[in-house]
Structure formats: structure tokens, C-alpha cells
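[1] Below are the sequence and a predicted model for it; my questions follow.
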Amino acid sequence: MLNAETYVTKEKGIGGTIRNRYEDFYVEEIPIENLLPAGEGPNVWIWIEKLGRTTLDVLMDISRDLHISRKRMGFAGMKDKKAITKQWICISNMDSKEQFEEVKALDGEIYNTKFLKVIRGQKKLRMGQLEGNKFKILIKDISPDYSSYQEAADMANNIFKKLEVWGVPNYFGWQRFGKPRTNTHLVGKALVANDLAEAVRLYIGNPYEEEPEEVKLARKAYDDGDIEKSLDLMPTGMRYERIMLKELLKEKNKLKKSSTKINSSNGINSCTNINSSNNINSSNGINSCTNINSNNESINPTDNEGNSSTNNDISSHNRDINSNSIDFSINGSDFSYLNDKSYKKAIFALPKPLQRMFVHAYQSYLFNKAVSKRVTMGINKYIEGDIVIDNEEHLIHNESPEKLQEMIVKFEADPTSPLYGTKVPFAEGKIGEMEKNILIEENLKREDFECPKTPRLGSHGLRRKMRFKIWDASAIATADGVLTEFSINKGSYATAVLREIMKNDVV
């Protein structure tokens, strides 16, 4: 897990691998009972089962086939792609019988998706409206240190018992950052630094060795400044890259046409010589068609690993956002016609949940670092200066240290770590100093999270529990590994649990 450097349990892990098949990883949403549909109302609820697909992909397919806006569709949380998952989605304002039947008729028509139930409801479904998730995950390729799967299952149950008492570090899993590219947080870092061109490059260009050859060629074409070629080469399955490329191509053609008209009206030839055209344009009082200065802001190189000696291999997964940066004003490059507005349009062409995910991923990267440091001081202990919240996520004031410790032990309250943002409060004492130092290591200030060029992607930040509760946990030996079952609260990651069981990097 990215920036997760600490384990709570000391027992030897059982090793192994997960997700050998999608069927080995099962997730079922635990809904809020009083929100569930009762059969009447203007909204249509669908209990879906999907295999090997993201929640957003399924929603976009449904909106396409029903010819409705994606904005009318709600869901409580994103579910794993490499898994079998069950969850509710809701389509608002589907009043007529014909619309209801159209939804039912889609069952079997959406790729790798089943409609297990279609029912009307009074209420809409919004992000976060769930209790949690229950998991069934098969661990294969158990460590040879164990003589049998039963011995490994016994060790897993021993670890489960401790986690049920202490809690699990509330790390964000790899899903938050993406695999195999693992650069969503770097796109977010570029947005926080107001370098929109670099943010777009990191998402569309910047090929990774682990990617298919056709994808690498498409990304390289973008880095070479050929947007049209990149779009032609980009596989249709790379839906979001193609959305951005189409927007950039439209912007490039529009701005190229506009700049040609301006230059023609001033008696200027096309900008084949950037420096000379700038001088000519300046003397004629018009803007340069190349817009050279609009995209020359860059992010100061920072150490994404911080000072951790245990996280020195992050760069093999997550390259510094300047390591392959390009000159966006290169003569003859498509980038010479683009400006910040162009890149902003490309980013905002993406579905809003994906737009928000970039900065959220960077916040998550920093949060994992803070949790790693805080866990070493005791996951179920109150430390002077801690900011503590109850189960309703309300700050707890005016309680004695003894009372706070008692509440933490009973899972009635939890210490928190920061999801950094413009208004996030820091803890006091040595905890607060640790939290502030993480920002210093990243060359950041809280106000940087305003994201002035893309303010709707900015974040005030918040305090998040640094551990989570696990219940109904068990492990049994099977013919080919150890089957684990457990339930956890919403917003937490099953891979954080498996990491403690396996004691290796869990994807």
C-alpha cells in the first residue's frame, strides 16, 4: 500500500496472493436499512452484480443505453474492479411505467453486469450512504513456511482476533492510486501545484513499462506533441484518456484556426519561428498565437518518498511529476496552441467523481504517511494532543485523557490523522509537529489545496479516523488456500486487513 510503512500485529504473515481470479475477491455492500426502496416512488433502484468492471464504467454504459444524463444516477460507493461486487445504484425521476420497463430490459445487456433486483423507491442514493462492506477473499500461494493451509488459517484467525480488539490502520489501498500506473496522486499533486498541463500529461502521456504496447505508443505520441495520433492509437477501452484527447484536439483546432486569423489580419505568417513571432506580435500589440508563457509553470521537484527509509522503492511505481516533463511550447507541437483553459476543459470533460479523485488521491498519499507515523505510537491509545472523534464523526471536547482512552478501547471514539486541505486542523504536541513536518517535506502549505486554477477540485480537508473496526472475521482452509471473511466500515479498505494477515504488499 502506497506510503503504508507500519504493521500493527507482529505475527508472521501467511504470505500469498489475491485476485488470481475475479471470483476469488467478493464484495457486498451493507446498505443503510431505512434507505432501502419499498416498491413505490419516482426513482428506480437497481441491485447490481458486476464482474471485472468499475462502478463508473457500469453507470456510463447504463446512461448511454437509456439516453439519460449520468448526473441522474447515484451510488453509495465505488467498488473494486478486479472482483465480483454487489451494490445499489439509483436512477432519479423515472416516473413512467415505460421507463421502468426500459431499465429492466437492460438486464443482460450491460457487459459483465447483472441486475439482481429492480425496484422503485422514494429516496435517492448518494455517495457515502452505506454502512460498510462485507468481503470474502481467497488467499492462494500461501507461504511455504506453513505446512498446511489449516496451519495458515489458524495464524490468520489469531491475527484477526487481535485486529478485532485493536482495530486496523485506516490506510488507503492501491485502488485509490491506480494500478499498474499508480499515478493518480501525482496528477493530484500537479493540480495542487496549479500545473494543469503537467496534470494532463501525467494522465494521458507518461507511459509505464507495465502497460500494453499499444497504450504505451499512444501515450508516447502525446508526449511527442501529436494529439491526433495519440487519439488514433489510444485503445477504445481507455475511455477517459480518449475523452480528454478529444477535448484537447477540439481546443487545438479551434485555437489554431483563431491564431491563423489573427496573424493573417496583422500580416504575419504562421508561427513557425516562435521567438520571431513573439517579437512581431508584441510590436503589433496582439497576443502570440503560441501562448508560450501560459503553460510554463512547473512544479518544484519534491521527494515523494519523504524521508522514509522503508519507502525508497516508491519511485519504481510512482515517478516524480517532473521526471519526464516536456516543453509544452515546442515549435510544431500541438501543445503550442493550447493554454491553461484548454487543459482545464480536458480535465473537466471527465466524470466529476474522477475529477475529484485526483486531489483526493494525493491527500490519501499524505494521509497514509501520517497514519504510518501515528500507528507506531499505539493504534488504540490516546496520545496527548490527539484530535479524537466519535462514531458520528463529531469532535470530542472536554473529556479527560482517561475517558478518551476508555472510549477508544471500546471503539466509541478514534484518534484521527489529517486529510490535508486548506482548513484542516492540526493536532497539538508531538502529533501536530509530525503532521506539519509531512507538509514541509512535500514543500506544501495548507492553502495550496485551494487549487486556484481548478477551484472546484480544491479541498478544505478533514480529520479521518486513523484506524477502523473489523467484525465477523474468520479464516478457513480450502482446497487451494485460505478463505477469509470479514466486514468493515464504509470508506475503509479490505487490503489494509489483508496486509496484516499476509505481511506483504497487497494489491
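    Nice, thanks for sending it over.
[2] Next up, the contacts around Glu131.
    Neighbouring residues of Glu131 by C-beta atoms under 8 Å, 6 or more residues apart in numbering: Ile30, Pro31, Ile32, Asn489, Lys490. All C-beta spots, glycine's among them, are computed from the backbone N, C-alpha and C.
[3] okay if I get the residues you listed as a markdown table plus pLDDT, neighbour count and distance to Met234?
    Compiled in a markdown table, the contacts of Glu131 are given as follows (pLDDT from 0 to 100; neighbours: other C-beta atoms under 10 Å; distance: C-beta to C-beta, whole Å):
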| residue | pLDDT | neighbour count | distance to Met234 |
| --- | --- | --- | --- |
| Ile30 | 98 | 15 | 38 |
| Pro31 | 97 | 19 | 37 |
| Ile32 | 95 | 15 | 40 |
| Asn489 | 94 | 18 | 38 |
| Lys490 | 93 | 16 | 34 |
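[4] Give me the subset of these lying in strands.
    Mapping the contacts of Glu131 onto strands (DSSP state E) picks out Ile30, Asn489.
[5] Quick check: the gap between the nearest residue to Leu231 once chain neighbours are set aside and Leu35.
    Of all residues not flanking Leu231 in the chain, Leu245 sits nearest, at 4.2 Å (C-beta to C-beta, 6 or more residues apart in numbering). Distance check for Leu245 against Leu35: by C-beta to C-beta, to the nearest Å, it reads 39 Å.
[6] Between those two, which has more neighbouring residues?
    Between Leu245 and Leu35, counting by other C-beta atoms under 10 Å, Leu245 is the more crowded of the two (26 against 19).
[7] tell me which residues of the helix or strand where that one lies are tucked away?
    Per DSSP states H and E: Leu245 is located in helix 239-265. By 16 or more other C-beta atoms under 10 Å, the buried positions in helix 239-265 come out as 240-242, 244-245, 247-249, 251-252, 255-256, 259, 262-263.
[8] One more: stretch 104-112?
    Leu106, Ile110.
[9] Check what contacts it and list those residues.
    Under the criterion C-beta under 8 Å, 6+ apart, residues Lys50, Leu51, Gly52, Arg53, Val58, Asp61, Ile62, Asp65, Leu66, Lys114, Phe115, Val118 lie in contact with stretch 104-112.
[10] Report how far apart the opening and closing residues of it are.
    The straight-line separation of the ends of stretch 104-112 (C-alpha to C-alpha, to the nearest Å) is 16 Å.
[11] Centre of the chain to that stretch, how far?
    Averaged C-alpha coordinates place stretch 104-112 at 27 Å from its chain's average position (C-alpha atoms, centre = their mean, to the nearest Å).
[12] cool, stretch 74-87 as well?
    Centroid separation for stretch 74-87 versus its chain: 14 Å, with C-alpha atoms, centre = their mean.
[13] what's the first-to-last distance across it?
    Taking C-alpha to C-alpha, the first and last residues of stretch 74-87 lie 11 Å apart.
[14] Please name the nearest non-neighbouring residue to Phe468.
    In space, Phe468 comes closest to Ser492 once its chain neighbours are excluded; the distance is 4.1 Å by C-beta to C-beta, 6+ apart.
[15] Am I right that the one you found is in contact with Asn170?
    Yes. When contacts are counted by C-beta atoms under 8 Å, Ser492 is listed as touching Asn170 (5.9 Å).
[16] Which pLDDT value belongs to the closest residue to Val375 other than its chain neighbours?
    Of all residues not flanking Val375 in the chain, Thr6 sits nearest, at 4.5 Å (C-beta to C-beta, 6+ apart). Each residue has a pLDDT score; the one for Thr6 is 90.
[17] please begin residue numbering at 426 from this point
    Renumbered: residue one is now 426, and that last one reads Thr431.
[18] Look at Thr431 and give its secondary structure.
    Secondary structure for Thr431, judged by DSSP: H, G, I helix; E, B strand; the rest coil, is coil.
[19] how close does it get to Arg888?
    Counting by C-beta to C-beta - Thr431 and Arg888 are separated by 19 Å.
[20] of those two, who's got more company?
    Ranked by neighbour count (other C-beta under 10 Å), Thr431 and Arg888 place Arg888 first, with 20 against 15.
[21] State the phi and psi torsions of the more buried one.
    Main-chain torsions, Arg888, degrees, to the nearest 10: phi -90, psi 130.
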